[in-house]
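J.: Got a sequence here, can you build the structure:
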Amino acid sequence: MVITGATSGIGLATAIRFIQEGAFVIGVGRSAKRINRAQKMITETNPKSRFVFLLADLGDQDLVHALGTKIKAQLYQHGYQQLDVLINNAGVYLEKKHTTADGIEMTFAVNHLAPFTLTYELLTLLRQSQRGRVLTITSYSHRITPLNLHRITKPYPYISFLAYKRSKLCNVLFTYEFNRRIKGVEAFAVDPGLVNTKIVSKGDMGLFAWFGRWRILKGTSTDVPVTTLLFISSKDQIDTSKGYYFKGCQPLKPSPNARRKDLARDLWDLSSQLTGINWD
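T.: Numbering: from 1, shown residues only. Below you'll find the predicted structure:
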């Protein structure tokens, strides 16, 4: 399995748990220092662990494409011809507006475009699995969130919590449109709930970031979302009659906007254009 954002929080906890369950894990991080720390923690937890960490900046589309190539090479090197699970967990919350080298707002680029691209890069290997699955971490915050695709790459004015909420809505829209278009692999949007992690403190600090940090302190441990991720990843068959948005091992109905087929289609087309991907 592959886990992005695997050096801390939900990603690291998931990597440790899946390694304990016997999985071969490829973790992705954007800091060499955090990667070294995570590797040490995993080894101390399980000396016989089987894992590899790769360094990548998910805000750079060229590096996301290159990451896909590196992941394939690592899987082949370790004797795997398939990928069973991809967990798109990496995400950012940025108080101030940042843009990528391509001029795209960074929250949208990292939280949505990176999973979109990496899933495409690994799709062939996911299809080789008997039950290939793509799990993308979203958030309850996607609810009651407007989405103007004409302004999402260069939002003005930039409001940090709205940029984050829009990116989480995009995660759900991507999941549903993926399942409509792609056969042989299932995608799920996973709402971890309010979890005590450091996602807010990693970005710029401002009014909304300070409020977010205070609120997150009231969150659950990472054990709660990890249990859901393990459930979806390991269960032979999952009842998706009620949809693909899960929280606490149960399907929930996402927001009305998240269920709009026209919006999902338009987001998919825009994302394909921005990333240069042709899914056909």
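J.: Can you show me the strands along the stretch 51-200 of the chain?
T.: Assigned by DSSP state E, counting those that start in this stretch, the strands in the stretch 51-200 of the chain fall at 51-55, 85-88, 133-137, 186-190.
J.: Tell me which of these sits most buried.
T.: The highest mean neighbour count among the strands of the stretch 51-200 of the chain, using mean count of other C-beta atoms under 10 Å, belongs to strand 85-88: a mean of 28. Where you see a C-beta, it was placed from the backbone N, CA and C, and this is true even at glycine.
J.: Show me what it is packed against.
T.: strand 2-4, helix 114-127, strand 133-137, helix 223-234 (3 or more C-beta pairs under 8 Å, 6 or more residues apart in numbering; DSSP states H and E).
J.: how does it look with 10 Å?
T.: Counting contacts by 3 or more C-beta pairs under 10 Å, 6 or more residues apart in numbering; DSSP states H and E, strand 85-88 is packed against strand 2-4, helix 9-20, strand 25-29, helix 114-127, strand 133-137, helix 160-181, strand 186-190, helix 223-234.
J.: circling back: columns distance to Leu63 on top of the strands of the stretch 51-200 of the chain, output as TSV?
T.: Listed next are these as TSV, based on distance: least, C-beta to C-beta, whole Å:
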stretch	distance to Leu63
strand 51-55	9
strand 85-88	15
strand 133-137	19
strand 186-190	23
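J.: any idea how far the residue nearest to the spatial centre of the chain lies from Gly79?
T.: In the chain, the C-alpha closest to the average C-alpha coordinate belongs to Asn88, at a distance of 2.4 Å (C-alpha atoms, centre = their mean). Distance of Asn88 to Gly79, given as C-beta to C-beta, to the nearest Å: 25 Å.
J.: mind listing what the closest residue to Ala32 other than its chain neighbours touches?
T.: Here the nearest residue to Ala32 in space, its sequence neighbours aside, is Leu55; by C-beta to C-beta, 6 or more residues apart in numbering that works out to 5.8 Å. Listed by C-beta atoms under 10 Å, 6 or more residues apart in numbering, the contact set of Leu55 reads 7, 28-32, 34-35, 63, 67, 70.
J.: Repeat the analysis, applying 8 Å as the threshold.
T.: Leu55 sits next to 28-32, 35 when contact means C-beta atoms under 8 Å, 6 or more residues apart in numbering.
J.: next one: Phe174
T.: By C-beta under 8 Å, 6+ apart, the neighbours of Phe174 are 112, 115-116, 136, 187, 189, 264, 267-268, 271.
J.: so Phe246 makes contact with Leu230?
T.: No - judged on C-beta atoms under 8 Å, Phe246 makes no contact with Leu230 at a distance of 12.0 Å.
J.: more crowded one of the two?
T.: The neighbour comparison of Phe246 against Leu230 (other C-beta atoms under 10 Å) goes to Phe246, with 24 against 17.
J.: State the distance from the more buried one to Asn89.
T.: 14 Å.
J.: Could you tell me which ranges of the stretch 151-280 of the chain sit under the pLDDT cut-off?
T.: Residues of the stretch 151-280 of the chain that meet the criterion pLDDT under 70 lie in 195-220.
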